[in-house]
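Chemist: Let me see the structure of the following:
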Amino acid sequence: MAEGPLSGIRVLDFTWAWAGPFCTLQLAHLGAEVIRIETTARPACVTRLIPPFADDIPGPNRAGYFNQYNLGKKSILMNLARPEAVEIACEMVRHCDVVADNFAAGVMDKLGLGYDKLRRFKPDLIMISMSGYGQTGPFKGFIGYGPPASAAAGMFFTTGYRGMGPSEIGISYPDPNAGIFGAFAILAALTQRELTGEGQYIDQSQWEAALVLMPEALLHYEMTGREPERQGNRDWVMAPHECYPAAGEDRWVSIAVGSEAEWRALCKVMGSPGLADDPRFKTAQLRKQNEDALDEIVAAWTRQHDRWELTRMLQAAGVAAFPAMSNKDLAEDPHLLERGFLVEPEHPEVGKRKHAGIPWKMSGTPCSVRSAAPIRGADTEEVLKSLLGYSSDKIEQLRKAGILA
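Modeler: Numbers count the residues shown, from 1 in each chain. Below is the predicted model of the structure:
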């Protein structure tokens, strides 16, 4: 079997939380060797401490959050508070192509691992720093997590129901989003290095990576001078556009109508073809003006049918519809199972657990989840022996001295 397209690329991974590990996860999925730097000298990476834990038994190797976003990686222990550990990290950089971190601006420099220093060990090094607000600017020292980035990017201000205040978007979306943008930038830098032989530094702002997803709101304000009105589940143009109740307890189906043909198809499936020419709903503009009445009519129909029955009827007619899937639904979904998206790698401590896998398929360089997430520090000896030629005795001495801890 062909290897992944990044086979032969080695990544030294200083990331933590979600954005950084999600970035390096994509590189691991593409075949890169990703070596996580961890330590027991302070609380573990926050994602090793966040439930749910396998079998509800807490432990740094049992956290589902960590085990999902660190599939296929290696882990070594290194106490970077010790200058000897920093020296070892610098030696490792000689053998790596990419260094990744998502600390606040300036942290890597304070650790003695800034780009200007590291490229002396590896002149064509590619390094990415995925901070909350970038390495420059008045907010560079601000602490960043996904929810504040959502607020900063205007996502909360445009989310919510009409007449109500700003709302959370339900997920720390800027985190994985920044991870995807980071992986994209690294791939571009690797391509440029292949062409020129030169490495480079990537300064990525999680805030800016989220803000590029808000063009409609920005454009609305730029063109009208007004803030866009919060719409709940509705769309500014399309109607119907809502999550409607289906038969059964807490069962829902999302329906979105984007054209006149789709509107007429919906009316036909509902058994009310005459509704398409109702004076209240004849055009998209009229449907928006009378959306409350329209939603009542559609909801009265959807309540009579199973969510999957609705989905299949509407999809067959060319109308976008799909159930609002629960986590249980997703874990048992036959489509995802048939495509092999859900994977169950064997973990040395928690056994086989279902994980989200790789969301692409490549015919020439197939990608695979090569292993479960690593036990903390499991690869310390193997990596230091293979990369730096350390002996077992030297590694044991470093452990006893608290340098590899």
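Chemist: Residue 90 in helix, strand or coil?
Modeler: Here residue 90 takes the helix state, with states given by DSSP: H, G, I helix; E, B strand; the rest coil.
Chemist: Check residue 182 too.
Modeler: Per three-state DSSP, residue 182 ends up helix.
Chemist: got the contact list for the residue nearest the centre of the chain?
Modeler: What sits nearest the mean C-alpha location of the chain, by CA atoms, centre = their mean, is residue 176, with 2.3 Å. Shown in contact with residue 176 (CB atoms under 8 Å, 6 or more residues apart in numbering): 18, 19, 22. No exception for glycine: its C-beta is placed from N, CA and C like everyone else's.
Chemist: Go ahead and confirm the second one touches residue 205.
Modeler: No. Judged on CB atoms under 8 Å, residue 19 makes no contact with residue 205 at a distance of 11.0 Å.
Chemist: So for those two, which residue has more residues nearby?
Modeler: residue 19 (30 against 25; other CB atoms under 10 Å).
Chemist: so residue 363 sits in a helix?
Modeler: No. Applying three-state DSSP, one finds residue 363 to be coil, outside a helix.
Chemist: now the strands: where do they sit in the stretch 51-200 of the chain?
Modeler: Counting by DSSP state E, counting those that start in this stretch, the stretch 51-200 of the chain has strands at residues 74-77, 98-101, 126-131, 200-205.
Chemist: I'd like the distance between the residue nearest to the centre of the chain and residue 23.
Modeler: 9 Å (CB to CB, to the nearest Å).
Chemist: Residue 35 too?
Modeler: Taken as CB to CB, the span from residue 35 to residue 23 is 14 Å.
Chemist: so residue 297 makes contact with residue 275?
Modeler: Yes. Using CB under 8 Å, residue 297 is in contact with residue 275, at 7.1 Å.
Chemist: Now residue 387. Nearest residue, chain neighbours left out?
Modeler: residue 95 (4.8 Å; CB to CB, 6 or more residues apart in numbering).
Chemist: neighbours of the one you found, just the number please.
Modeler: 15.
Chemist: Got the domain ranges for the protein?
Modeler: Following automatic domain parsing, one finds the domains of the chain at 10-212+335-400, 241-324.
Chemist: quick revisit: looking at the contacts of residue 176, which are in helices?
Modeler: Mapping those onto helices (DSSP state H) picks out 19, 22.
Chemist: Residue 35 and residue 23: which has the busier surroundings?
Modeler: Between residue 35 and residue 23, residue 23 has the larger neighbour count (other CB under 10 Å), namely 31 against 23.
Chemist: from what I can see that one touches residue 178, true?
Modeler: Yes. Assessed by CB under 8 Å, residue 23 is found in contact with residue 178 at 7.3 Å.
Chemist: Overlap in contacts, those two.
Modeler: 102, 130.
Chemist: need the strands of the stretch 51-200 of the chain in a markdown table with distance to residue 404 and mean pLDDT, can you?
Modeler: Below are the strands of the stretch 51-200 of the chain laid out as a markdown table (distance: least, CB to CB, whole Å; pLDDT from 0 to 100):
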| stretch | distance to residue 404 | mean pLDDT |
| --- | --- | --- |
| strand 74-77 | 5 | 98 |
| strand 98-101 | 19 | 98 |
| strand 126-131 | 23 | 97 |
| strand 200-205 | 28 | 98 |
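Chemist: mind checking which of the ones you listed is nearest residue 397?
Modeler: Among the strands of the stretch 51-200 of the chain, strand 74-77 comes nearest to residue 397, with 14.3 Å by CB to CB.
Chemist: Show me what that closest one is packed up against.
Modeler: strand 33-38, helix 380-388 (3 or more CB pairs under 8 Å, 6 or more residues apart in numbering; DSSP states H and E).
Chemist: so which of the ones you listed comes closest to residue 226?
Modeler: strand 33-38 (46.2 Å).
Chemist: counting contacts, what elements does the closest one pack onto?
Modeler: For strand 33-38, the packing partners by 3+ CB pairs under 8 Å, 6+ apart are strand 10-13, helix 19-29, strand 74-77.
Chemist: and the ones you listed as JSON lines, adding distance to residue 236?
Modeler: Shown next, in JSON lines, are the helices and strands packed on strand 33-38 (distance: least, CB to CB, whole Å):
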{"stretch": "strand 10-13", "distance to residue 236": "41"}
{"stretch": "helix 19-29", "distance to residue 236": "29"}
{"stretch": "strand 74-77", "distance to residue 236": "46"}
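Chemist: Let me know which of these is tucked in deepest.
Modeler: Comparing those by mean neighbour count (mean count of other CB atoms under 10 Å), helix 19-29 comes out on top with a mean of 27.
Chemist: Can you tell me which of the strands of the stretch 51-200 of the chain is packed in deepest?
Modeler: Among the strands of the stretch 51-200 of the chain, highest average neighbours (mean count of other CB under 10 Å) belong to strand 126-131, with a mean of 27.
Chemist: Between strand 200-205 and it, find me the angle.
Modeler: If you take axes from the mean of the first three to the mean of the last three CA atoms, to 10 degrees, strand 126-131 sits at 10 degrees to strand 200-205.
Chemist: Run the angle between strand 126-131 and helix 19-29 for me.
Modeler: 150 degrees.
Chemist: Could I get the full set of helices for the stretch 51-200 of the chain?
Modeler: 64-69, 83-93, 107-110, 115-121, 146-152, 155-158, 174-196 (DSSP state H, counting those that start in this stretch).
Chemist: Which among the ones you listed is found nearest to residue 29?
Modeler: helix 174-196 (9.2 Å).
Chemist: and residue 185, how far is that from residue 23?
Modeler: Following CB to CB, the distance that separates residue 185 from residue 23 is 9 Å.
Chemist: ugh, wrong one, residue 145
Modeler: 16 Å.
Chemist: before we move on, the earlier item: will you turn the helices of the stretch 51-200 of the chain into a markdown table that also has mean pLDDT and distance to residue 372?
Modeler: Below are the helices of the stretch 51-200 of the chain laid out as a markdown table (pLDDT from 0 to 100; distance: least, CB to CB, whole Å):
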| stretch | mean pLDDT | distance to residue 372 |
| --- | --- | --- |
| helix 64-69 | 96 | 7 |
| helix 83-93 | 98 | 23 |
| helix 107-110 | 96 | 28 |
| helix 115-121 | 98 | 30 |
| helix 146-152 | 86 | 25 |
| helix 155-158 | 90 | 33 |
| helix 174-196 | 97 | 19 |
